[in-house]
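>>> Coordinates for the following, if possible.
(2 chains)
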Amino acid sequence: MNELLKFITCGSVDDGKSTLIGHILYDSKLLYADQEQALLLDSQVGSRAGKIDYSLLLDGLMAEREQGITIDVAYRYFTTEKRSFIVADTPGHEEYTRNMAVGASFADLAVILVDASQGVLVQTRRHARICKLMGIRHFVFAVNKMDLIDYEESTFNMIQTEIIALSETLGLDHVKVIPLSATEGYNVTRKSDQMQWYKGAALLPFLEDVNISGIASSSPSEAPVAPVYASVSSRPVFDDSSDTEFGFYMPVQRVCRPDHTFRGFQGQIEAGHIKVGDEVQALPSGETAIVKTIHLTDRAVDEASIGEPVTIQLDREVDVSRGCVIASGADLTVSKSLLATLLWMDDEPLAINKEYLIKIGTKQLPCIVSRLDHKVDVNTGEKLEADQLHKNEIGLCEISLSGVSVIDKFELHKTLGELILIDRMSHATAAGGVVEDVTLKTKSGTTFVDAEQSLSLAIFDTYVFDENLGNIIRKAPESKTYQIGENLPLSQLGYDYPADFDVYIDDKFLSVRDGKFAGIANVSASACANATACANVTNGADDETTTDIVQRSEYPAINEYGIGLSDDGSLQPFATYRTVIYS
Amino acid sequence: MAHTHLDTLEAEAIYILREVAAECEKPVMLYSIGKDSSVMLHLALKAFYPEKPPFPFMHIDTSWKFKEMIEFRDKQAAKLGIDMIVYRNEEAIAAGINPFDHGSSYTDILKTQALKQALTKYGFTAAFGGGRRDEEKSRAKERIFSFRSADHAWDPKNQRPELWKLFNTQIYKGESTRVFPISNWTEKDIWQYIQREKIEIVPLYFAKERPIVERDGNIIMADDDRLKLESGEKIEYKNVRFRTLGCYPLTGGVESDADTLDEVIEETLGAATSERTSRVIDHEAAGSMERRKREGYF
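Next up is the predicted model:
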């Protein structure tokens, strides 16, 4: 029994990628006899009549065979004495960037093919960038077709220099460069005499020994082989000795309740380890509890660690359901908004402010992409101004969730930084992405400041019906801070507030008198109950139009406060003073 | 702590099982009684422990399965206390559709059509299958969550991209999802896991003296008297076992003396033919499996 290595192969049509993998399978005698026969048979009807075409092993779908290209991700399996492997073979064309991303999200390591006769090309950069984006930390650059350059060391060295430079630009963690010839089988499964100047391992032996766990290995064969094993990491968070995430966390998949005596939380441990008796925190509620029992599948255990499917019982009732996270020492964030790099995957382009479903960890909820900051050229990495994101394009976006979720930066806690967007109408997986930053507070356009404190309110936001989206969207005004005594724009298109009122929020009053900001006062909840001019936080008890928005989107800040009329003292829901703008 | 590849594969499958139970409205696990199904059932028992699997199991019975398979199915269901639905296309069975006279339309009517009928009848929105990507080239490209239109068709060119462990389970009424938790297992992994977990499998996997006839190079077992002998054929008794199980007239056995799990594994892992060869149905033109899958075969 040995470890599993999942890797992806990236290369363009002519790089000989399928041939390389086909050759590994063939050379290692990993083919069953009937598959081998089928291969010989298929080769004869193909273009390379008579000669074995190893790539036929990998191109599965009929459409692809006809076109002679790989359009989807194909998975292949093989085992050697030392390791089990799963290969995701992906297409190299730019129009199949999303397919490559799918393969990359699955893999621990990327084998990127470089044509020795051409060197590092635009597609090499694209492939490396996408693999890096999807979280791959180990890279092998297979400099293929060495036969075409007469196995020249100097040419290889030039290409290697280009690769190291690219690795530094992208911040790739672990990089290995191997010269080989897939068609001849040199340096594929064993070292070739043709390139005696190359002192490193052949491809397959390297893959058998490479340590991807981040845990230091005692095996001498896994030591970096200088100078071709270049570690170019200069990342602030991880150094080479520790690729592991800090703390313990487990996103809750489901609550297991076979009877009233048992209530366990089921999920897979994504980092760290846990023991019976440990104190953990349930997020987003923040309640703490002690671990009472742990089951590793159907076995009661004292402790469990990363990668294991467990059922955890806590010593007290806590507010935990699917989408929550049980954690300790991981310093995770709970937020409603985030900044993410998205790779757009749907034929329908990104629509700003349209409602999508977002899935992060085991949590799924509505969201909107509120802003596209810029697009990134997948080939060069250049930031481009953009107001649209189309299929296979990458962009940095701001996303607002309809409620809080446990999120973290992808580079800190990978699983809570991975996301997909789902189109609510077509149900297509519209985008995949990674969290670059978590914004802790929902930004509001309007802030009130008195001598002691400040309050941010979405009071001057407007609600506009967008015909194209068929949905009502919220628009924040230009950022503005009001001081005591300043006149407020109380009557505008979209809202009409009275001249005197108080807003109650977070145990504070914001007072408006004579159309001017009059100050902020701290109150206790009981004081509020006695006040004639305040309203409690309302939840969905608004008028019909607003309720409609709330049901559709449940955006933050709409119902977080109430408003009260001061003329007759009756409480009015905040939204009474708002109307939806139909343009 | 390093995990073996079986630990990794088990964890992946359990994660998928739990995701479906949590997100899909009405799941079912298809149960074919074969070794892959035995592994799936075992995984389901482990995934939800101490709860029983929160979905029923369903066997599509063509009425031509080996007798030992049916006995095994009923024994397992009773022993484990799971909900086992058996569905048969009774109309077609009554009409006498059989594997001898009706060739490939037999598979379509008693398996594919029956499966569609059953899924529609019970309104299942997600069906677990034991398909593995190493079995056949078109399966190598199928997603773990494979979306099916209201008429159960698969569109290989329009698959939902599947990233990390974030599965898109959204469907409209009438549509459904096929879910393959052991997509990434190989035949070798299945056998090793059966050995490690001591999973019970149908005795047909072990060599025993059985009544057989040789037909078109295949060893076919005379499981009952519905097997009509053609001229020149005669029933012989040989030590045979089966690498895959299905309808007995369509399942080729292999001559073997391997009657323990260790021996079977040793023979299998050293074997020179991949397992689907013994399924008669696969010996068609290239791409036959892909074509059948588009039409709704599992």
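>>> Get me the contact residues on the stretch 301-450 of chain A for chain B.
A:305, A:307-309, A:311, A:322, A:345, A:357, A:359-360, A:362, A:364, A:415, A:418-420, A:422, A:427-429, A:432 (C-beta under 8 Å from any C-beta of the partner chain). Using the backbone N, CA and C atoms, a C-beta is placed for each residue, glycine as well.
>>> switch the cut-off to 7 Å
Taking C-beta under 7 Å from any C-beta of the partner chain as the criterion, the stretch 301-450 of chain A approaches chain B at residues A:305, A:307-309, A:322, A:345, A:357, A:359, A:418, A:420, A:422, A:427-429, A:432.
>>> nearest to residue B:105, of the residues you listed?
Within these, distances to residue B:105 taken as C-beta to C-beta reach their minimum at residue A:427, with 33.5 Å.
>>> any idea what sits nearest the closest one, other than its immediate chain neighbours?
Closest residue to residue A:427 apart from its sequence neighbours, by C-beta to C-beta, 6 or more residues apart in numbering or on different chains: residue B:170 at 4.1 Å.
>>> Low-confidence ranges, the stretch 201-350 of chain A, go.
By pLDDT under 70, the weakly predicted segments of the stretch 201-350 of chain A are A:214-243.
>>> Please repeat the previous calculation with a cut-off of 50.
Applying pLDDT under 50 to the stretch 201-350 of chain A flags residues A:215-242.
>>> what's the closest non-adjacent residue to residue B:128?
Sequence neighbours aside, residue B:29 is the residue nearest to residue B:128 in space, at 4.2 Å (criterion: C-beta to C-beta, 6+ apart).
>>> now residue A:124
residue A:114 (5.5 Å).
>>> got a list of what that neighbour touches?
A:120, A:124, A:141, A:142, A:143, A:144, A:159 (C-beta atoms under 7 Å, 6 or more residues apart in numbering or on different chains).
>>> That one belongs to a strand, doesn't it?
Yes: assessed by DSSP: H, G, I helix; E, B strand; the rest coil, residue A:114 belongs to a strand.
>>> Bridged to it, which residues?
Per DSSP bridges, the residues bridged to residue A:114 are residue A:143.
>>> Next, work out how far apart it and residue A:2 are.
29 Å (C-beta to C-beta, to the nearest Å).
>>> Grab the longest helix from the chain for me.
Reading this off chain A. Identified as the longest helix of chain A according to DSSP state H is helix A:153-170.
>>> let's do chain B instead
helix B:5-23.
>>> Can that helix be said to contact chain A?
Yes: Helix B:5-23 reaches chain A (C-beta under 7 Å from any C-beta) through B:5, B:6, B:8, B:11, B:14, B:15, B:18, B:19, B:21, B:22.
>>> Which neighbouring elements make contact with that helix?
strand A:254-256, strand A:264-268, strand A:309-314, helix B:35-48, helix B:187-197 (3 or more C-beta pairs under 7 Å, 6 or more residues apart in numbering or on different chains; DSSP states H and E).
>>> Show me the one of these that comes nearest residue A:205.
helix B:187-197 (21.2 Å).
>>> residues of that closest one that come out buried?
Neighbour-count burial for helix B:187-197 flags B:187, B:188, B:189, B:190, B:191, B:192, B:193, B:194, B:197 (criterion: 16 or more other C-beta atoms under 10 Å in any protein chain shown).
>>> Looking at those, spot the one nearest chain A.
residue B:188 (6.5 Å; C-beta to the nearest C-beta).
>>> wait, doesn't the closest one sit right on residue A:79?
Yes: at 6.5 Å, residue B:188 counts as touching residue A:79 under the criterion of C-beta atoms under 7 Å.
>>> quick one, phi/psi of the residue most central in space within chain B?
Central residue of chain B (C-alpha atoms, centre = their mean): residue B:32, 4.6 Å from the mean position. Backbone torsions of residue B:32, given as degrees, to the nearest 10, read phi -100, psi 0.
>>> sorry, back to before: ok now do the residue nearest to residue A:427, which residues does it touch?
Contacts of residue B:170 (C-beta under 7 Å, 6+ apart): A:357, A:422, A:427.
>>> ok, and the most crowded of those residues?
Ranked by neighbour count (other C-beta atoms under 10 Å in any protein chain shown), the contacts of residue B:170 have residue A:422 at the top, with 24 neighbours.
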